[in-house]
Structures are given as C-alpha cells and as structure tokens.
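Novice: take this sequence and fold it.
(2 chains)
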Amino acid sequence: MNHRSGRSKWQDAYEESPAALSRGATQSGVDLDPVYGPDDAEFPGLFPYTRGIHPAMYRSKLWTMRMFAGFGTAPETNQRFRDIIAAGGTGISTAYDMPTLLGIDSDDPRAMGEVGRCGVAIDTIDDVADLYEGIDLAAITTSMTINAPAAPIFAMFVANAEAHGVQKSLLGGTLQNDILKEYQAQHEYVFPPRPSLRLVRDTMVFATHEMPRWHPLSISGYHIREAGSTAAQEVAFTLANGFAYVELARHGGLAVDSFAPKLSFFFNAHIDFFEEVAKYRCARRLWATWMRDFYGALDEHSWQLRFHAQTAGVSLTAQQPDNNHARTAIEALAAVLGGAQSLHTNSFDEAWTLPSSDAARIALRTQQVIAYETNVTEVADPLGGSWFVESLTDELQREAAQLLEEILEIGDGSMLEGCLIAIDNGWFEGHISDSAYAHERAVQRGERIIVGVNAFNDDAAASSPPNQIDGDGEMRQIERLTRVRRERNDDAVHRALDAVRTDALDADANLMTSFMEAARARATLGEIMDTLADVFGRYQMVPR
Amino acid sequence: MTLRVLVAKVGLDGHDRGVNVITRLLRDAGMEVIYTGLFQSPESVARSAVDEDVDVVGLSILSGAHMTLAPLVVSALREQGSTVPVVVGGIIPDSDVEGLYNAGVAATFGPGTSLEEIVSTLEHLTDSAQH
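Specialist: A predicted model of the protein is given here:
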C-alpha cells in the first residue's frame, strides 16, 4: 500500500517537469512555491487533477495564445495569421464562413450574402494552400473550428501539407469535429447524427494511426454556454459528449488509452469569475474520475482533461464597446487561474463585427499582460484551498454529476445513446433554452445588471464601429472557385467523388482515404458534401 | 385583437439563442408567435407568412447577411401580394439601417433593444398597417 502524501508524490512529479521559466518570487522579492497546500491536499499533476494537469503548470509551459481568425478569402486570412504570429501569438485557429461550415460552395445560390462574412471561405485545396502559405505547419500548431464538414476539410489540410513536403506525422493541431454539440447548441449540422458520428469515428481512427501529434476532436462546451446554458450544464453536456466519443471510438476498434490522451476540450470563459474557475476545476475532476472508473482507462494521460478556453462572446456588449476590454481581461484571467492549456481572447469590437486587426492585437496583448506582467503564472491553482472556491467546485460538480447520471439513464447505460436520444427528443435544447430565457428575463427586469446596457447607459447611444468585411470578398472568392473549376481535370474529380460515394456506402471503410484523393483532385467541399448527403441524407431540426 | 407574429431565420445562420428567447418573450407579452425554424429561404418565409395570415414578420439575423436576405424576404412577400411589415433583429451596423429601410424593412432592433421597445414598435406598426 502506498501511503505517501499528496505532496511527496507531487514533489517527484514536479522534479521531472520541464525546466522552470519562473522567477520564483513576487515582484517585490517574496519567495514563491510552485504550489501551496497541506501535505494531504490534492496536488496539480496528480489524479483527479482538480488543481491542474501539470505538476508545475505555467512554470513549465505557458498556455498557447491561440487566436481565432478568419474572414474574406484565404489570402486575406493568411495575412491576419501572419500578423498574429508577428505579434507574438503562439497558435492559430481558423474561423470559417457559414457556407463552408455547412459544406456549401461559394458559388451556390444558398451562399449568397454569406461568403467570407463570418469567417474565411474555403472551397478547395487551393484555398487551403493560400490559407497556410508561408506558415511552417510543422512548427506552429493549427486549429480548425469546423464540424459537419470537418473530415473533408481535414483531408484538404493534410493533403496540402503533404503536397508542400510536410509529413502528416509531423502535423500538430486540433480539429474541432464535435458534431454532437451542433445538434444541441450551435446548429451547423448537415447530415443526421449517426452518419455524422461515422465521420468523427473515421477521423479519430485516421489520426490515432497516422498523426501522433494531432488532436482529432475538441469537445466543445463553448457553444453550449453561448447558447445560454449554465456553467454546470456546460460541464455536464460537454463531458457527456466526450464520453459519447469515447464509446464511439471503442466501437471503431480503438482501445481507450490509444486515443483518449489526444482528446481535448474547449470551454467558455464567462464573466462570473469564481464560478468559471470552479467550473474548470470540477470538469477536470469529473473527467478523470469517469475515465478511470467508468471507462477503465489506465494511462494517466487519458484521465487528464486538457482544454482551450475562449472568452465569452455573448458577454460583449454593442453598447459602450470599449467596456469589453475589461470583460475580456477578467474572463481571460479566470481561464488562466483555472488552468487552461490554450486561450483565445475576444476583441472589444466583436459584438458588432469580425475584429479589426488592431482590436485583435489588443486582445492578444491582454493575454501577454496576464502571462508576463501579473505573476499569476508562478503558482499552480492559486485559488485552490479557498473555502469559497472549493465549495463552489464541489457544488458545480454535484450539479453536473446529476445531469451526467440523467443522460446515462436516458441511454440505458450508454452515454452515446443517451446523447443521441436526448438530441432527438430536444432534452438538451430544452435545458439550454430555459436557461437562456431565465437570463434574458433577469436582464429585462433589471435583476441582472449589464453595464452600458440596462444600467449606466445614459452617456451614449450604441454606435457601431466600421464593418470589417468588404462586400467584394464574395465576388473575389467566386472568381477563385471558377478558376479552379476551369483548370482541374473533371474526370479525376468524378472518379474521386465516385470513390467517396462507394466508401460512404460501406460502413467499414474509412472515408479519409477517398476524401484525401478528392482533395488532391481539387473537388470542392460542396461536391464532397453533396455526394455524402446522397448517401447519408440531410438533417432537419423540428422547431419547438 | 391578438397580434400574430412570424419569427424566422433565413439563410445559413444557425444562431438561435435570440430567436428562441424573443419567441418566448413575445408570447409572454400576449402575442401569438409562430417560429419557422432554421435555414429558411426568403420564399418559404413569405409562404408561411401568407399561409399563417400573420400581422408582422420578424427576421433574426446575426450572420451579417441582412443586407442580402432581408430585402429578398420583403420582395418575396410583396410578390405574393402581402403587405405585412417586416422587422429585423440582430447585429445591424448603423450604416446598414437606412439601406434596410429603403429596401422596405419597417424597423430594426439592434443588440440590447428592450422588450418594451420591441412590443410597442410591433403594436404601432400593425396598428398603422390596419388603418
């Protein structure tokens, strides 16, 4: 029996951690330990990871400052990526426009007015090449915030990297690929849930076998929270989806410890500061416990919940937009004190428009101030041991655990089936929509104060900053796509799409192979998605 | 007389927190509200408005495509012989408001608009439409 204290186990792990970057002292010279607490406390880097997944947390490695960007055409977004990297950003993340997110080509009549507006338009591998032009894909990690068409977009990304001489085994980054939350909250779905999950399975199997540095799934509570959920619902629904993907990958023939270390999460960083810190702490504890005890994972990396955070878009106000700087800074600090591995900070102008280059730079600078000036990186889980934060962690855990049990019961012991049934009968949406409604009523009645909106709002009317998106982007993208359609070999495209259709009909095939071939033949995203829709059908949500 | 409102999502914009909440708030305010669901075409919205004989059509657009989509809904309605007013809620920059009025939109509701303002505008619009 091992009776060593938490502290002594932590000490061993700490000494094996990557070299410290720290000063080990406050600004005024008071010495700082890497963590505080009684010897029998929970410690960071040890199960159940309430206090963080690394023994030395940010003393070993700062979080990745991963800025989310995308607008207009690929060359414009490429320039923004270069600006972010030049300004000290340490990761990039692509925002796609609505047509791309729904697998619709830019020259499709349904895309009219939407091309390049909420993100970058990607139709073919040529766009992917321009998007990453001059960016060393083996050196910087990239993230792709896309779901329904995640698999074909991922295939375009990998095929493009290979065409530029980068082996896929060297590629590091994240594919969001979390289709379950699309039906629950974000609503950028295309196919019905089950065939969509087959695409997730194929990407997980492909990445597990071929791309050891890749995270094929970023299980996302962000959108659930933005759609109006509470913090406990965000944790519960996100972890339920995570467990559903664990079951899915096992059905796909993968052993839990072969893929679970590559699962990653994406949470909101909202404005209720302590609740957010408690939320991350309880999410880590719940994930570790369930993965070990319910799913039988043996590798400690399978127990560790890694997460990216983004400050809350929904907390930004169109009124008095300068106030948003303060909101973003507070939210980002909550994510850091809660132990995030990666962070995007929103720009102050985003209640109105996609961020200007200047606004995006200030948002990045906000992270840099937290990382390099405030000294909060010196001590892991600095709020651990606070009676308040520990109680709040326990309470959120209790609420979330209750919801998890409920979903498991709906699925008769399967979280995957529970999620699918609860999507089908509107259970998730009902919960989220009730919370959103309660919030809005409180705002309308003045019970919840939003500075500049329902209080302190007499100084100026809302006035919008200039729109960042010029109306000609759509035309430029359609010209780009027309050129590809003219130049490519149509026979090769038809052959590749036939292979996609054949593989789609064979539930045992892995579609990534034919997606890569279609990408190389310069098939459009819309062509690939329409081919799949012929086989899989299209999903329609019942309005309630 | 109870006001009948069609709230609609046109185009590819899946953001529905706003439309879900406003649907419930308008029902609380005593209106009959019909919600189309996501991803509607301008023509299908116009058809629903005529079939349901509504007094006003409210579009919720947060994708930035309002300058393309809202005028298409107005003209689809007018082509079907309907004169019902169309209002737009969502993220609408100041510089676009006049263009929307010129395209026949009767009112716009930007971020943070109070429920009272929405309700009184809808009542006023439908009063003047009936006189």
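
Novice: and the gap between A:Q310 and A:S220?
Specialist: Counting by Cβ to Cβ, to the nearest Å, the separation of A:Q310 from A:S220 is 10 Å. Backbone N, C-alpha and C define where each C-beta goes, glycine included.

Novice: contact partners for the closest residue to chain A within chain B?
Specialist: Residue nearest to chain A within chain B: B:T68 (2.6 Å; Cβ to the nearest Cβ). Counting by Cβ atoms under 8 Å, 6 or more residues apart in numbering or on different chains, B:T68 makes contact with A:112-114, B:11.

Novice: and A:V493, that one's in a strand?
Specialist: No. A:V493 is assigned helix when assessed by DSSP: H, G, I helix; E, B strand; the rest coil, not a strand.

Novice: look at the residue most central in space within chain B and tell me its secondary structure.
Specialist: Computing the C-alpha centroid of chain B and ranking residues by Cα atoms, centre = their mean puts B:G58 first, at 1.3 Å. Three-state call for B:G58 (three-state DSSP): strand.

Novice: distance of it from B:V5?
Specialist: In terms of Cβ to Cβ, B:G58 sits 6 Å off from B:V5.

Novice: overlap of the contact sets of those two?
Specialist: Common neighbours of B:G58 and B:V5 (Cβ under 8 Å, 6+ apart) are B:L122.

Novice: more neighbours: A:Q310 and A:S220, which one.
Specialist: Neighbour count, other Cβ atoms under 10 Å in any protein chain shown: between A:Q310 and A:S220, A:S220 has more, with 32 against 27.

Novice: how close does the more buried one get to A:L197?
Specialist: On the measure of Cβ to Cβ, A:S220 and A:L197 end up 15 Å apart.

Novice: cool, A:D534 as well?
Specialist: When A:D534 is compared with A:L197 (using Cβ to Cβ), they lie 19 Å apart.

Novice: try A:D299
Specialist: 24 Å.

Novice: more crowded one of these two?
Specialist: A:L197 (21 against 15).

Novice: now the more buried one: which helix or strand?
Specialist: A:L197 is part of helix A:193-210, with elements assigned from DSSP states H and E.

Novice: and that helix, anywhere near chain B?
Specialist: No. Applying Cβ under 8 Å from any Cβ of the partner chain, one finds helix A:193-210 separated from chain B by no less than 14.7 Å.

Novice: what's the mean pLDDT across that helix?
Specialist: For helix A:193-210, the mean pLDDT works out to 98.

Novice: buried residues, that helix. List them.
Specialist: Using 16 or more other Cβ atoms under 10 Å in any protein chain shown as the test for burial, helix A:193-210 gives A:193, A:195-208.

Novice: tell me what it is packed against?
Specialist: With contacts taken as 3 or more Cβ pairs under 8 Å, 6 or more residues apart in numbering or on different chains; DSSP states H and E, helix A:193-210 sits against helix A:150-163, helix A:231-251, helix A:256-259, helix A:415-424, helix A:512-520, helix A:525-536.

Novice: what lines up beside the very next helix or strand once past it in the sheet?
Specialist: Using DSSP H and E, the helix or strand that follows helix A:193-210 in sequence is strand A:214-215. Applying DSSP bridges, strand A:214-215 is found paired with strand A:173-175 (parallel).

Novice: can you name the residues in contact with the helix or strand following the partner strand?
Specialist: Using DSSP H and E, the helix or strand that directly follows strand A:173-175 along the chain is helix A:180-181. The contact list for helix A:180-181 (Cβ under 8 Å, 6+ apart) reads A:147, A:193, A:197, A:219-221, A:223-224, A:237-238, A:241, A:244-245, A:419, A:423.

Novice: what does chain B put close to chain A?
Specialist: So chain B meets chain A at B:11-17, B:20-21, B:24-25, B:35-38, B:63-65, B:67-69, B:91, B:93-96, B:110-112, B:114-115 (Cβ under 8 Å from any Cβ).

Novice: out of the contacts of helix A:180-181, which are buried?
Specialist: A:147, A:193, A:197, A:219-221, A:223-224, A:237-238, A:241, A:244-245, A:419, A:423.

Novice: pretty sure B:P93 contacts A:W352?
Specialist: Yes. Counting by Cβ atoms under 8 Å, B:P93 does reach A:W352; the two are 6.2 Å apart.

Novice: more crowded one of those two?
Specialist: Relative neighbour count places A:W352 above the other of B:P93 and A:W352, with 25 against 18, counting by other Cβ under 10 Å.

Novice: ok, that one touching A:S464?
Specialist: Yes. With contacts counted by Cβ under 8 Å, A:W352 reaches A:S464, the gap being 4.6 Å.

Novice: now do the shared contacts for those two.
Specialist: Joint contacts of A:W352 and A:S464 (Cβ under 8 Å, 6+ apart) are A:318, B:93.

Novice: check the stretch 401-544 of chain A for the residue nearest chain B and tell me.
Specialist: A:P543 (3.5 Å).

Novice: for the closest residue to that residue other than its chain neighbours, which residues are in contact?
Specialist: Among residues not flanking A:P543 along the chain, B:G37 sits closest, at 3.5 Å (Cβ to Cβ, 6 or more residues apart in numbering or on different chains). Contact partners of B:G37, counting by Cβ under 8 Å, 6+ apart, are A:540-543, B:9.
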